[in-house]
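Student: Build me a model:
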Amino acid sequence: MLSSSSRLLRLLSLLQTRSHWGGSELAERLAVHPRTLRRDIDRLRQLGYPVHASSGVAGGYAFRAGQALPPLMLDDEEALAVSIALRTATAGAVGGIEEPALRALVKLEQAMPVRLRRRVDALRSAILPLDRAGPIVDATLLATLAAACRDQLRLNLSYTDIRGRSALRRLEPQGVVHTGQRWYLVAWDLTRADWRTFRIDRIVGEPVVGAHFAPRAGPEGGDLRAYVSRSLAVAPYPEQARVVLHASHEVMARRIPPSAGVVQVLDAQRCLLEWGAHGLDPLVYWLLALDVDFEVLEPPALKDRLRVAGERAARCTRA
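Tutor: Numbers count the residues shown, from 1 in each chain. Modelled structure (predicted):
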């Protein structure tokens, strides 16, 4: 059983993960009686948090922006500083914090009164970041996509594919993933009835946010990073390989970036590498460049190409 203060923090965190919670569902998540939940909601309101209640069959609770910033131990100037820092972080200037910064930015600006949002927009327009590797994605677009993922809202957007063709896509967004250089949206494509990844820098204009949708079980068991890695490193290529590397996952994961291949644990001394290329020769080159023992599972043609490369190397050595 959570203490009263811990339960309040848990309640506040849950309220900020969705636009609406049913009362019975929220009470079940907290493992409390509905009467206890109502008392906790009243305590949050007394502390200044704008929690709105609705009655009826679809009744429940929602966290809404109020007339003033809730007491997060931040004054207006501190809130502005945090917002600008988070927006800078979402541009990928500091590795590893882009997605947490984006989630925090959505929560912070959701609670901001209008006067602070205007000041944030003014400051953002005046700050000019230095050039960085990879395309730059607008933080406002990222925030719109992240909010649609969180609130389970459909999106209609114009998207330009790798061949330069533009089309309207109807999506049920699942999540946003950053690979180190690019941002990707993972979504269920309603037209193709399948999961797809979309480079966010190829979204044209402002997405149109639509109605709510029922959540789906995500690809790769909900591991969106693994799904994007597989989409980038394996799926687009005509030649796809699965190879057992005789080295630990810890070692090979440091050497093989997620965008180049998918590395999975087999045991303490071996891992499985899945990746693709436009031909067999690049696969041969990269396998030999890894400088570890390996076993090719597929394709069979890769074994033949490696055998030919080995025979050539042996001839050259004898010569």
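Student: Touching the helix or strand residue 157 falls within from outside, list them.
Tutor: Assigned by DSSP states H and E, residue 157 falls within strand 153-160. With C-beta atoms under 8 Å, 6 or more residues apart in numbering as the test, strand 153-160 has contacts from 145, 147-148, 166-173, 187, 190, 198, 202-205, 207-213. Placement of C-beta: from N, CA and C, glycine included.
Student: Now it: buried residues?
Tutor: By neighbour count on 16 or more other C-beta atoms under 10 Å, the buried set for strand 153-160 is 153, 154, 155, 157, 159.
Student: And for stretch 216-223?
Tutor: 219, 220.
Student: how far does that stretch sit from the chain's center?
Tutor: On the basis of C-alpha atoms, centre = their mean, to the nearest Å, stretch 216-223 sits 12 Å off its chain's mean C-alpha point.
Student: What's the end-to-end length of that stretch?
Tutor: 13 Å (C-alpha to C-alpha, to the nearest Å).
Student: just stretch 229-237 next, same as before
Tutor: 13 Å.
Student: next one: stretch 48-59
Tutor: The first and last residues of stretch 48-59 sit 22 Å apart, counting by C-alpha to C-alpha.
Student: Go through that stretch and flag the buried ones.
Tutor: Under 16+ other C-beta under 10 Å, the buried positions of stretch 48-59 are 49, 51.
Student: Same check on stretch 105-117?
Tutor: Using 16+ other C-beta under 10 Å as the test for burial, stretch 105-117 gives 105, 106, 107, 108, 109, 110, 111, 112, 116.
Student: what stretches of the stretch 201-319 of the chain score poorly on pLDDT?
Tutor: 235-236, 319 (pLDDT under 70).
Student: hey, where'd the helices end up in it?
Tutor: 224-233, 249-255, 280-290, 300-318 (DSSP state H, counting those that start in this stretch).
Student: Using the three-state scheme, assign residue 37.
Tutor: For residue 37, the secondary structure call by DSSP: H, G, I helix; E, B strand; the rest coil comes out as helix.
Student: Excluding sequence neighbours, find me the nearest residue to it.
Tutor: residue 27 (4.5 Å; C-beta to C-beta, 6 or more residues apart in numbering).
Student: tally of neighbours for the one you found?
Tutor: 19 (other C-beta atoms under 10 Å).
Student: For the helix or strand harbouring it, list every residue counted as buried.
Tutor: For residue 27, the host element (DSSP H and E) is helix 23-30. Counting neighbours by 16+ other C-beta under 10 Å, one finds that the buried residues in helix 23-30 are 23, 26, 27, 30.
Student: Let's have those residues in TSV, adding pLDDT.
Tutor: Listed next are the buried residues of helix 23-30 as TSV, based on pLDDT from 0 to 100:
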residue	pLDDT
23	87
26	89
27	89
30	89
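Student: Widest-spaced pair of these?
Tutor: 23 and 30 (10.9 Å; C-beta to C-beta).
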